[in-house]
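# Okay, sequence plus prediction incoming.
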Amino acid sequence: MPGLLIRASISILAFVAVFPLSADAQTAKVLPQSQMEMQLSFAPLVKQTAGAVVNVYAERVVQQQSPFAGDPFFQQFFGQRMPNRTEKQSSLGSGVIVEANGTIVTNNHVIDGADDIKVALSDGREFPCKVVLKDEQVDLAVLKIDVKEEFPVLPIGDSDAVEVGDLVLAIGNPFGVGQTVTSGIVSALARNQIKNQVGFFIQTDASINPGNSGGALIDMKGNLIGINTAIYSQSGGSNGIGFATPANLVRVFLAAADRGAKTFDRPYIGASFEPVTSEVADALGLKKVRGALITKVMEDGPAAKAGLKPGEVITALNNIPVEHPDALGYRLTTAGLGATVSLTILDNGKERQASMTLASAPETRPREEKVITGSNPFSGATVANLSPRVADELHMPTDTVGVVVENLKGNSPAQRLGFAPKDIIISVNGTVITTTQNLVAALSGEPEIWRVEIERDGQRIRQFFR
C-alpha cells in the first residue's frame, strides 16, 4: 500500500549535530575523530536557536448545517431558513521568528481560513498575530506580532549550500506536546511531486510529526535552511521521511511581505514544460535524465523573446543544474522579479546560452469580473476573463484561455449545482463563451432547460438543468 503524504501541521523540531572544526579548516566538513567528539552535545545550539521557534494556534468558526434541515415537521416552524450551528475548529502548527520586530514565517495550511491566530513563545508568553502575506501554492505565510518588542530571531541561511549528508536539527511542537527538537541528516535535495505546489524540497530523516508544520530546519551554524512542511507516512507518524521548503524560497517570500505585496508573484516565462524521461533523453542525446523539456512557447512571451523553441531542453539556470520543470520554477522564483537569468539550452545535441528578464504574468486582456445573479445555474458565481495574470493567481496553466469561475458564494445555486473555482465555462445553450459580457448575455433568458458545458482539469463536462 503506498505511503500517504501528511502535512506536519502541529509542530516540529528537527535534527542536527555539530562537531567543531579546526582553526585552519573552518569551512571543511569532517567526521568525529575521537570518543570525546562523539560525546559532544547539541544543547548549546538548541539554546541559541529554540527561542525563535513558536507554536501557532489558528482558530476558525464554521457553519454546520442543521441536522433537521429537510425535515417537514421542523420546516413548518422555520420554513426554508433552518437555523445553522456554528462550530469552532482549531489547528496547531509551528512558526519561526525571522525578524526582530516579531515577523514570523509558517506554512499557509497552518493558518488558512483562520479567524483568530495566536503564537506562543518558548518562554510561555502568547501574542495575537495578523496575516501579512500568504500563498497556497508555495504553502507559506508571513505573520506579524503586533507588539513593539525585540524578539529572538533565526537568521536565514543559504539552502543552495546544503548538501546530502549534512547534519540538521528540526524544532517544533509535534502533536501539541510542547517544543521538541530532533536531529538527523539531509537525505535528498530537489524533491518534487510532494504536494500540489512548486516542487522543490529538502528531504530529511529528522523526526517530523503532525504539528511540526511551519517549524524550523536548521544547520550546524544555527541558520534556518528550511521550513518543515510535510511528512511521508502510512500511520500519521514519522517514518523518517520529512520535507522542508528551502530557505532561499522563504527569503524571497519574506521580501515580498516586507515591501507590502498583497500577493506573491512568481516570474512568468510564457512556456510549458514536461520532465525529461529516459526515452526523451535517448532521443535528444542527453547523458542524464534531467532537465525541463519545452513543449509550448506562447507568442510574445519572455520565452519567445529569449528565442526558446519547443523541443529544446533547459538544463541549467545561472549555471545551476535544473533537475525537472518544478526545479526550473523554483530557480526562477528565487532569482526574483526583475532579475536577468542565463539559461543553458540543449538544442539538437548542442548547448547554447539564452538570457531572459523575469517579470510577473501580464494581464493581456481586462478581467472584467462579474458576479452572476438571477435565475440561472451560475447564480452566485464570480467569473473573470482569463489572462496569464488571472491564471497564475488561480494556480492554473498560464496559457489557459476563456472565462473562469473565480469563486462561489456559499450556498448559492452555482455552489449547490456543483460548480467549482477554476471551472472554465465553454458554452451555455449552444452559445460559445469567450468573455464575461457574452456570458451575462447568454444567461439573460429564461429557457426551460439550461445546457451548460465546462472544462475542469482538462476534461469537458456537459450538464443539463431545469
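That came through, no problem.

# Residues in a beta bridge with residue 352, which ones?
Listed by DSSP bridges, the beta-bridge partners for residue 352 are residue 345.

# Is it correct that it is in contact with residue 316?
No. Using C-beta atoms under 8 Å, residue 352 makes no contact with residue 316, being 11.7 Å away. (Each C-beta comes from the backbone N, C-alpha and C, glycine too.)

# surely residue 412 meets residue 379?
Yes. Counting by C-beta under 8 Å, residue 412 touches residue 379, with 6.1 Å between them.

# Residue 439: what secondary structure?
Assigned with DSSP: H, G, I helix; E, B strand; the rest coil, residue 439 falls in the helix class.

# How about it: what's its closest non-neighbour residue?
Spatial nearest neighbour of residue 439, excluding adjacent residues (C-beta to C-beta, 6 or more residues apart in numbering): residue 433 at 4.9 Å.

# returning to what we had before: more crowded one of residue 352 and residue 316?
residue 316 (19 against 11; other C-beta atoms under 10 Å).

# so which helix or strand takes in that one?
Residue 316 is located in strand 313-317, with elements delineated by DSSP states H and E.

# Just the CA coordinates for that strand, please, in PDB.
The C-alpha trace of strand 313-317 is given here as PDB (Å, rounded to 0.1, in the frame of the first residue of the first chain):
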ATOM      1  CA  VAL A 313      15.600  21.300 -23.100                       C
ATOM      2  CA  ILE A 314      16.600  23.800 -20.300                       C
ATOM      3  CA  THR A 315      19.400  22.000 -18.400                       C
ATOM      4  CA  ALA A 316      20.600  24.800 -16.100                       C
ATOM      5  CA  LEU A 317      19.800  28.300 -14.900                       C
END
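
# Who are the packing partners of that strand?
Judged by 3 or more C-beta pairs under 8 Å, 6 or more residues apart in numbering; DSSP states H and E, the packing partners of strand 313-317 are strand 292-297, helix 325-335, strand 340-347.

# What residues of the longest one count as buried?
Neighbour counts using 16 or more other C-beta atoms under 10 Å place 325, 326, 327, 328, 329, 330, 331, 332, 333, 334, 335 of helix 325-335 among the buried residues.

# repeat for stretch 345-354
Buried residues in stretch 345-354 (16+ other C-beta under 10 Å): 345, 346, 347, 354.

# residues contacting the third one?
Residue 347 makes contact with 309, 311, 312, 313 under the criterion C-beta atoms under 8 Å, 6 or more residues apart in numbering.

# Reformat the residues you listed as JSON lines; add distance to residue 224 and pLDDT.
Formatted as JSON lines, those follow (distance: C-beta to C-beta, whole Å; pLDDT from 0 to 100):
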{"residue": "309", "distance to residue 224": "40", "pLDDT": "93"}
{"residue": "311", "distance to residue 224": "40", "pLDDT": "91"}
{"residue": "312", "distance to residue 224": "36", "pLDDT": "93"}
{"residue": "313", "distance to residue 224": "33", "pLDDT": "94"}
